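J.: give me coordinates for this.
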Amino acid sequence: MVNNNLKYAREELEMTQEELGYVFGVKKATISNWENGYDVIPLNKLIKFCNLYNYSLDFIVGFTRNNKSFSKIEKADKTIIGKKLKDLRTKLELTQQQIADECSISRATYCHYEIGMNLVSTLTLYTICKNHKISMDSFLR
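T.: Take a look at the predicted model:
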């Protein structure tokens, strides 16, 4: 998902994996795992990266090929994002179970995202946005 453009952006910034790891407080191996698709960067760290280095989320996750649409996204507030998830689901006329199924997660996990108990995972948000042709940047603004 976010591996190729994250690596591309890091290299464009002339940063090593170790230097980017320092920014996030993680090890070089964690950055490598994100870039190679073995793990997914947490949403709060993805937003931090985009804000620090002026990249759009849509570019990093591969929804667009250009980075012209950068606009700073405020802190990843799990309550606000949860409300947006619920509003979107209602607008799409889907149940929590239907969204959970398309994201390959449990309904309980999705429910926790909607009520703001947990911050939605990057992969879940990516899947919802991709399946319903929604910009991640727009969704989080």
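
J.: CA only for contacts and neighbour counts going forward, please
T.: Will do.

J.: neighbours around Tyr8, how many?
T.: Residues contacting Tyr8 under the criterion other CA atoms under 10 Å number 13.

J.: same question for Gly116.
T.: Neighbours of Gly116 (other CA under 10 Å): 18.

J.: identify the residue nearest it in space, chain neighbours excluded?
T.: Excluding its sequence neighbours, the residue lying closest to Gly116 (CA to CA, 6 or more residues apart in numbering) is Thr79, at 4.1 Å.

J.: that neighbour against His112, yeah?
T.: No - counting by CA atoms under 8 Å, Thr79 stays clear of His112, with 10.1 Å between them.

J.: so where's the protein uncertain?
T.: 1-3, 68-69 (pLDDT under 70).

J.: skipping its backbone neighbours, what lies nearest the residue nearest the centre of it in space?
T.: Of all residues in the chain, the one closest to the mean position by CA atoms, centre = their mean is Thr122, 3.6 Å from it. Using CA to CA, 6+ apart and skipping residues adjacent in sequence, the residue nearest Thr122 is Leu43, 4.8 Å away.

J.: quick one: residues contacting that neighbour.
T.: By CA atoms under 8 Å, 6 or more residues apart in numbering, Leu43 lies in contact with 76, 119-122.

J.: among the residues you listed, name the ones in helices.
T.: Mapping these onto helices (DSSP state H) picks out Thr122.

J.: closest one of the contacts of Leu43 to Thr90?
T.: Proximity of the contacts of Leu43 to Thr90 (CA to CA) peaks at Val120, which lies at 17.0 Å.
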